[in-house]
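Colleague: Here you go, sequence then predicted model.
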Amino acid sequence: MNRIIVFLCLLLTGPFLIGCGSKTEKIKGTIIAEFDWEGKKHHITLEEMMQEISELPEYKQEQYQETKEGLEEYMTLMAESRLILMIAQDNNLQDNEEIQEKIQDYLHELMLEKITDLEVEQKIKLTEDNLRLYYEENKEEYIEPEQVRLTCITVKNEERATETFQQIEDGADIKELAQTLSDRGELDGPGADPEDPGNTGFISYNSFSDIVKPFVDAAFALEIGKTHNEIIRAEVQGEPYFMIFRKEEEKAERQQPFEEVRDSVESSAEQDKRDKLLEDWLSKLREKAEVKVYEDLIQVPVEPETEPDEAETSTGTVGTEEPNETPESSPGSTE
């Protein structure tokens, strides 16, 4: 192993070196690691490390900040990354054309992000009155639809569904049957939650696709406490599902109050403001720059037609003979 890397590993796994008496330039902060590279001493300070960690995503901050082991791990990563960067510089990779292109791309991306932040993000300032006004103007977006809750048994086996339905008609409790079928691993679909077999939770008309519309329609039409008088069959992606259900509760449609949906209102209002600011800013930029777009010159590329292969003839492709007789139909085929 390279002598310097060995030294670095020993340094990072041993006591921190503080105040080594080096004649290098004065370092601001508490030195927690140092190493030599090509005759120059390099340092990592506690303040640098904590600043870097503070700029990480929150989950990463928690990973490194909460324990001494985490801080030591991050210090190791910092030192290793700096050492590798120095090796790259020694190889003049900073002048590599591909790297320079990526630097320019990233620079442009950062510049776009920054100017957009200045012209749009920092101008999104909404007061409580703004939020309430947005809510009033968009109240239809905050209507909780009519909902029902069922005890539902959904199985894929028609024979099992018929047997279960008969048991219910004979007086068995649908909730107890749902538990039994869940224990056997036979529930699959609405009501299949193993933590609460049979319970669908509250569902609305939009909770399911149109494929199971007969099930949803019957559920909403049913009286509370009643079991639907037949098994509902639905086919989803080629698989049959058989549903038996009892209606337990229902909730009427209601307007959600502002206080209940405030967070959602704030998010939507901010996005609406963001979109308007961005469009206004871009519109002014286009006007100032007198942007002209020549749409007539934009053509969708058309792939050239390929010439038929000389080996192909009007009777078909070479190697394929026209049958002399029509073959007999195979079992299951359609005449």
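Modeller: That came in fine, so what should we check first?
Colleague: which residues in the chain form strands?
Modeller: All strands of the chain, identified by DSSP state E, fall at 31-37, 40-45, 143-144, 147-155, 199-203, 232-236, 239-251, 254-255.
Colleague: tell me the most buried of the ones you listed?
Modeller: strand 147-155 (a mean of 24; mean count of other Cβ atoms under 10 Å). For the C-beta atoms, the positions are set from N, CA and C on the backbone; glycine is no exception.
Colleague: between the strands of the chain, which one is nearest to A289?
Modeller: Smallest distance to A289 across the strands of the chain (Cβ to Cβ): 43.8 Å, for strand 143-144.
Colleague: so how far is the first residue of stretch 151-170 from its last?
Modeller: For stretch 151-170, the first-to-last residue distance is 18 Å (Cα to Cα, to the nearest Å).
Colleague: Out of the strands of the chain, which is closest to V293?
Modeller: Short answer: strand 143-144, nearest of the strands of the chain by Cβ to Cβ, at 41.1 Å.
Colleague: Now render the strands of the chain as JSON lines, adding mean pLDDT and distance to A219.
Modeller: Shown next, in JSON lines, are those (pLDDT from 0 to 100; distance: least, Cβ to Cβ, whole Å):
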{"stretch": "strand 31-37", "mean pLDDT": "86", "distance to A219": "65"}
{"stretch": "strand 40-45", "mean pLDDT": "87", "distance to A219": "64"}
{"stretch": "strand 143-144", "mean pLDDT": "96", "distance to A219": "17"}
{"stretch": "strand 147-155", "mean pLDDT": "97", "distance to A219": "5"}
{"stretch": "strand 199-203", "mean pLDDT": "96", "distance to A219": "7"}
{"stretch": "strand 232-236", "mean pLDDT": "92", "distance to A219": "9"}
{"stretch": "strand 239-251", "mean pLDDT": "96", "distance to A219": "6"}
{"stretch": "strand 254-255", "mean pLDDT": "96", "distance to A219": "19"}
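Colleague: how about these in TSV, adding distance to E97?
Modeller: As requested, the strands of the chain are exported to TSV (distance: least, Cβ to Cβ, whole Å):
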stretch	distance to E97
strand 31-37	26
strand 40-45	28
strand 143-144	58
strand 147-155	61
strand 199-203	59
strand 232-236	54
strand 239-251	56
strand 254-255	61
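Colleague: Tell me which of those lies nearest to E295.
Modeller: Among the strands of the chain, strand 143-144 sits nearest to E295 (Cβ to Cβ), with 41.2 Å.
Colleague: Pull the residues that contact that closest one.
Modeller: 251, 253-256 (Cβ atoms under 8 Å, 6 or more residues apart in numbering).
Colleague: Next one: Y142 from E260, what distance?
Modeller: Y142 sits 8 Å away from E260, taking Cβ to Cβ, to the nearest Å as the criterion.
Colleague: Which one's more surrounded, the two?
Modeller: Set Y142 next to E260 and count neighbours by other Cβ atoms under 10 Å: Y142 wins out with 17 against 12.
Colleague: Contacts only, for that one.
Modeller: 135, 255-256, 261, 264-265.
Colleague: Please repeat the previous calculation with a cut-off of 6 Å.
Modeller: Y142 is in contact with 256, 261, counting by Cβ atoms under 6 Å, 6 or more residues apart in numbering.
Colleague: now do the one 3 residues further on
Modeller: If you count contacts by Cβ under 6 Å, 6+ apart, P145 has them with 204, 253.
Colleague: Check it and give its pLDDT.
Modeller: Reported pLDDT at P145 in the predicted model: 95.
Colleague: Spatially nearest residue to K156 (excluding sequence neighbours)?
Modeller: D188 (5.7 Å; Cβ to Cβ, 6 or more residues apart in numbering).
Colleague: ah, wrong one, I meant M86
Modeller: M86 sits nearest to W37 (Cβ to Cβ, 6+ apart), 5.1 Å away.
Colleague: try N206
Modeller: P145 (6.9 Å).
Colleague: residues of stretch 154-174 that come out buried?
Modeller: 154-155, 161, 164-165, 167, 174 (16 or more other Cβ atoms under 10 Å).
Colleague: out of these, which are inside helices?
Modeller: If you go by DSSP state H, those have 161, 164-165, 167, 174 in helices.
Colleague: And the furthest pair within those residues?
Modeller: Once Cβ to Cβ is applied, these give A161 and I174 as the farthest pair, at 12.4 Å.
Colleague: Could you work out the end-to-end span of stretch 133-147 for me?
Modeller: Terminal-residue distance, stretch 133-147 (Cα to Cα): 28 Å.
Colleague: any idea of the mean pLDDT for stretch 63-82?
Modeller: 88.
Colleague: So which residues make contact with that stretch?
Modeller: So stretch 63-82 is contacted by 12, 33, 44, 49, 53 (Cβ under 6 Å, 6+ apart).
Colleague: just stretch 173-190 next, same as before
Modeller: Contacts for stretch 173-190 (Cβ under 6 Å, 6+ apart): 151-156, 164, 168, 194, 197-198, 200, 241, 246.
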